[in-house]
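Visitor: the following comprises the amino acid sequence and a computationally predicted model.
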Amino acid sequence: MVTVWNKWWNRWTDHWRGRSIQVILTVAFTLITILVMLLVSVILYNKFAQTAEQNTYLSNQQIVEQVNYNLDIYLRGMADVFELVDEKIRATPSLPNVTLGERLTTILDTRQDIVSMALFTADGELVTGLPSKPMRVNTRLTEQSWFQAARESPNHLSFSLPHIQNLYKGQYTWVVSLSKGINITRNGRNVPAVLMIDVNFKTIDELCRRVSLGKKGYVYIIDESGGNMIYHPQQQLIYAGLKYENVEQALKYTYGSYLDESNGEKRLITIETVDNIGWKIIGVSYMDETVTTRKEISGFITWLLVFVLLFVLLVSAYISAKISQPLKRLDRSMRQVEQGIFDIHIAVGRDDEVGRLSRSFNVMVARIRQLMEANVREQEAKRKSELEVLQSQISPHFLYNTLNSVVRMAGTGKSEDVITMITALSKFFRISLSRGQSVIAVGDELEHVRNYMIIQQNRYKNKFDFKISAEEETLTCKTIKLILQPLVENAIYHGIEQMADPGYIQISAAIVDHKLLFEVTDNGLGMPEDKLSQLLTAGTSSAEGSGVGVRNVHERLRLTYGAPYGLEIASELEEGTCVKAWIPVIRDEDAGE
């Protein structure tokens, strides 16, 4: 398990490596929100679904209990009316009686739900009854269920099944008959009789039809034996309902609820029993409506989840942008520093980790800038000191050899050559010193190298010849001194000195492509490609003389004027060498030490 987690984590980190911190923060906030919202949604959905189901159970139970309560109150009221009528009949000394008829009429007029009331002898003879209408013949009165129940259970109030009232002509009302066996005084004799009151079934129907158990739910009533249907919202099912409804299962319960799927649909059955008469009130609700409620809950939670996710996405994007903005600014500044731009300062307006990091960055950049400036000053000082050292090196050996040559010439009586040598040597040192200045005119640089070549030409007894040429506009340009003398020295010592034939050195100055070009060309021995490729990197020095070196000239030019400038060398064995020195065109107004 740990290995799988590590692999997953490594794969995830590899995927997000190099991503923007704003993207990472936004994705992280969104993922965390999604996980939390999914977890909360599942919990809420389950809780709401369970609550909805429990509410369905509780609501059905309460509704059926309310139906039971209303029906019980109504039937108790009718029983009280029945007892009142019974009391009035028993209090009458002899029947029939006109006063009794008036009293029964009063009771009938006060209750609109009473259809009729009648008193019969045990043989089915009408003693008294209301309304005062002729009775139908062939009603088989004694065979009707309410009559037989009264005869079989004297002094017990019985409730019949709903039926069409068929005692009086012109009446075809659905009624429930209340009947009871009593004793009456007739013609001075105490005889058994049956008292019956027909109650309009419409009242019971309204009490039950008014009930709503969801959109499809309903309530029906069966008697205590379970063999008869008292009420069903679909009237035709009063006779066929026992087959449609799973009554056998309902008879096992006096109170309570259970799920039934006998007819192919999942239904919640809730049962209550009416006291005294034993009618079972059965409430039926369909569970697919609860599923619909679940769908509504899931739809609501889904839309809520979408809304919250969009809101969180916007908020997280805003917050991550606010968090990452100073980091991005710091990242851009660091990239500029990588490109060599150090003139940067980040405005710090906060005192958190990012603010402290920005202040540290500003301190670091300022310190780097100070170090770079110090390094430039050190390099400049070093360059000047190296130049001074190099200039100081152009004296002992070169001066010794030159003076030695002058002594030999004086000994042989060559006074003119002595004068030429001394004059050239004095001019050479005068220009070398240049009053401590490091930048001189191109004309002075050419004059300096001319004097050097005159001295060397006399020393080598005219072993080589030379020529110096320059465009007029170059003579007033400025250059650092001691550029050409090391190049000429290299040409003499390494190109011409070992030659059997006379040598030739040509020096020129010209402006090419808005740059100043010095060329030193000789017809000496030349050099191989491997030595040529290392000349500017490995450095060279003469075996004798000043020892300034070609590489040193190249480095001085680059240090003074920058990378685009410096030396270019081309050479072929037995053909000669050409050294080009490139520097910018600098006039008097641009020159400086």
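Guide: Perfect, thanks for sending it.

Visitor: going by C-alpha atoms from here, please, whenever you check contacts or count neighbours.
Guide: OK.

Visitor: now the one helix or strand residue 407 maps to: average pLDDT?
Guide: Here residue 407, judged by DSSP states H and E, is contained in helix 396-411. Helix 396-411 comes out with an average pLDDT of 69.

Visitor: cool, stretch 474-492 as well?
Guide: Here stretch 474-492 scores 88 as its mean pLDDT.

Visitor: check which element follows the helix holding residue 407 along the chain.
Guide: helix 415-433.

Visitor: report all helices and strands that that next one contacts.
Guide: In terms of contact count using 3 or more Cα pairs under 8 Å, 6 or more residues apart in numbering; DSSP states H and E, helix 415-433 is assigned the packing partners helix 396-411, helix 442-459.

Visitor: buried set for that helix?
Guide: Residues of helix 415-433 classed as buried by neighbour count (16 or more other Cα atoms under 10 Å): 417, 418, 421, 422, 424, 425, 427, 428, 429, 431, 432.

Visitor: residues making contact with that helix?
Guide: Helix 415-433 is contacted by residues 391, 402, 406, 409-410, 444-445, 448-449, 451-452, 454-455, 458, 481-482 when judged by Cα atoms under 8 Å, 6 or more residues apart in numbering.

Visitor: out of those, who's nearest residue 171?
Guide: residue 481 (143.6 Å; Cα to Cα).

Visitor: tell me how far that closest one lies from residue 26.
Guide: Separation of residue 481 from residue 26 (Cα to Cα, to the nearest Å): 64 Å.

Visitor: buried ones in the helix or strand hosting residue 147?
Guide: Counting by DSSP H and E, the element that carries residue 147 is helix 145-152. Buried residues in helix 145-152, defined by neighbour count with 16+ other Cα under 10 Å: 145, 146, 147, 148, 149, 150, 151.

Visitor: what's that helix in contact with?
Guide: The contact list for helix 145-152 (Cα under 8 Å, 6+ apart) reads 122, 141-142, 156-160, 177-181, 194.

Visitor: any low-confidence regions in the stretch 101-250 of the chain?
Guide: Scanning the stretch 101-250 of the chain for pLDDT under 70 picks out the ranges 226-227, 235-244.

Visitor: which stretches in it count as helices?
Guide: Assigned by DSSP state H, counting those that start in this stretch, the stretch 101-250 of the chain shows helices spanning 145-152, 201-209, 237-244, 247-250.

Visitor: could you export those helices to CSV, including columns for distance to residue 100?
Guide: Shown next, in CSV, are the helices of the stretch 101-250 of the chain (distance: least, Cα to Cα, whole Å):
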stretch, distance to residue 100
helix 145-152, 22
helix 201-209, 26
helix 237-244, 37
helix 247-250, 44
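
Visitor: out of those helices, which is the most enclosed?
Guide: Mean neighbour count (mean count of other Cα atoms under 10 Å) peaks for helix 145-152 among the helices of the stretch 101-250 of the chain, with a mean of 20.

Visitor: alpha carbons of that one, as PDB, please.
Guide: Taking Å, rounded to 0.1, in the frame of the first residue of the first chain, the C-alpha atoms of helix 145-152 are listed here in PDB:
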ATOM      1  CA  SER A 145     -77.000  -8.600   7.400                       C
ATOM      2  CA  TRP A 146     -77.700  -5.700   9.700                       C
ATOM      3  CA  PHE A 147     -81.000  -7.400  10.800                       C
ATOM      4  CA  GLN A 148     -79.400 -10.800  11.400                       C
ATOM      5  CA  ALA A 149     -76.500  -9.200  13.300                       C
ATOM      6  CA  ALA A 150     -79.000  -7.400  15.700                       C
ATOM      7  CA  ARG A 151     -81.000 -10.700  16.200                       C
ATOM      8  CA  GLU A 152     -77.800 -12.700  16.900                       C
END
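
Visitor: show me where the stretch 51-200 of the chain has strands.
Guide: Secondary structure of the stretch 51-200 of the chain by DSSP state E, counting those that start in this stretch: the strands cover 114-121, 126-130, 158-159, 163-164, 174-186, 189-200.

Visitor: angle of the longest one against helix 145-152?
Guide: Using axes from the mean of the first three to the mean of the last three Cα atoms, to 10 degrees, one finds that strand 174-186 and helix 145-152 are set 40 degrees apart in direction.

Visitor: now swap in the first one and tell me
Guide: When the same axes, to 10 degrees is applied, the directions of strand 114-121 and helix 145-152 differ by 40 degrees.

Visitor: so in the protein, which helix runs the longest?
Guide: Ranked by residue count and defined by DSSP state H, the top helix of the chain is helix 21-90.

Visitor: just want the angle from that one to strand 114-121.
Guide: If you take the same axes, to 10 degrees, helix 21-90 sits at 40 degrees to strand 114-121.

Visitor: quick one: which of the contacts of helix 415-433 is nearest residue 333?
Guide: Proximity of the contacts of helix 415-433 to residue 333, judged by Cα to Cα, is greatest for residue 481, which lies at 41.4 Å.

Visitor: so that closest one sits against residue 445, correct?
Guide: Yes. Taking contacts as Cα atoms under 8 Å, residue 481 lies within contact range of residue 445: 6.2 Å.

Visitor: still on that earlier bit, mind checking which of the contacts of helix 145-152 are buried?
Guide: If you count burial by 16+ other Cα under 10 Å, the buried members of the contacts of helix 145-152 come out as 122, 141-142, 157-160, 177-181, 194.
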